[in-house]
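Engineer: Predicted structure and sequence below. I'll ask about it afterward.
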Amino acid sequence: MPEAFIWEHAPAFLARVDNLNLHGLHFQHVELCERRAWMYLHKVNFAQWYTRVQTGAALHDASYQRDHSVRGLFGLAPDRIEWDECIVYENKGTGGAVEASSNQTAFYALMLSISTGKQWRAFTHVLSSRRRREVVLDAARLQTLWDASVRLAQLGEQDAVPAAKKIGLCSSCSLAAFCGFD
Ligand code: SF4
């Protein structure tokens, strides 16, 4: 039986998520690259003309379908939910960018914990290795998500595109041409 979920910042976190219409990907992006997060927040999207992303999206759509357990979850998009056990899963193609993908997965668990009042568990399911990795929703992770939400709010209000330096992700980022890192 899952424990009750109690977090003093829950109301403020929920309000911020609601006001900014934040999703799991915001929490992944802000960990990886603030410029990418800013672009996502401000709805600047180059994916339509970036062929690599188009191909990737098609492969992604073809490789797996979201589980029926997540139907009707407006604003949340995890890949599978075990409602009875209070466990949420997020699928990832590879096991890279651990912190960023863990934050995305933890965000789903946190939102479900706040909504249901029960402590949810979260797992990242790595498709390439067929392994699952637990993301523990402990005090440190809650603080990370809180800090990320504060930073996302700041980026949402910021007009200027944040400075960025070239990182490993740039080679597969749809914004690489904009940043000059292609
Ligand atoms: S290309 Fe690199 S620096 Fe630019 S948004 Fe993407 S990840 Fe960030």
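Structural biologist: Nice, thanks for sending it over.

Engineer: how about the residues of this structure near the ligand?
Structural biologist: Residues of the chain lying close to the ligand by CB under 6 Å from any ligand atom are 33, 35-36, 164, 167, 169-170, 173, 175-176, 179, 181. Where C-beta positions appear, they are placed from N, C-alpha and C, glycine not excepted.

Engineer: at 5 Å instead, please
Structural biologist: Neighbours of the ligand within the chain, by CB under 5 Å from any ligand atom: 33, 35-36, 164, 169-170, 173, 175-176, 179, 181.

Engineer: Among the residues you listed, which ones are in helices?
Structural biologist: Within these, residues falling in helices by DSSP state H are 35-36, 176, 179.

Engineer: what's the closest of these to residue 6?
Structural biologist: Nearest to residue 6 out of those is residue 36 (CB to CB; 33.2 Å).

Engineer: Double-check that closest one against residue 174; I have them as touching.
Structural biologist: No. Applying CB atoms under 8 Å, one finds residue 36 not in contact with residue 174, separated by 9.1 Å.

Engineer: and those two? which has more neighbours close in?
Structural biologist: The neighbour count for residue 36 versus residue 174, taken as other CB atoms under 10 Å, is higher for residue 36 (24 against 19).

Engineer: Run through the residues that contact the more buried one.
Structural biologist: By CB atoms under 8 Å, 6 or more residues apart in numbering, residue 36 lies in contact with 29, 169, 173, 175.

Engineer: what number of residues lie near the closest residue to the second one other than its chain neighbours?
Structural biologist: Using CB to CB, 6 or more residues apart in numbering and skipping residues adjacent in sequence, the residue nearest residue 169 is residue 32, 5.7 Å away. Residues near residue 32, counting by other CB under 10 Å, number 18.

Engineer: cool, residue 142 as well?
Structural biologist: Residue 142 has 18 nearby residues by other CB under 10 Å.

Engineer: so it sits in a strand?
Structural biologist: No. Counting by DSSP: H, G, I helix; E, B strand; the rest coil, residue 142 is not found in a strand; it is helix.

Engineer: these two touch, right, it and residue 7?
Structural biologist: Yes. Residue 142 is within contact range of residue 7, at 6.0 Å (criterion: CB under 8 Å).

Engineer: okay, and the common contacts of those two?
Structural biologist: Shared contacts of residue 142 and residue 7 (CB under 8 Å, 6+ apart): residue 110.

Engineer: follow-up on the earlier one: going by distance to residue 45, which of the ones in helices among the residues of the chain next to the ligand wins?
Structural biologist: Nearest to residue 45 among those, counting by CB to CB, is residue 36 at 11.1 Å.
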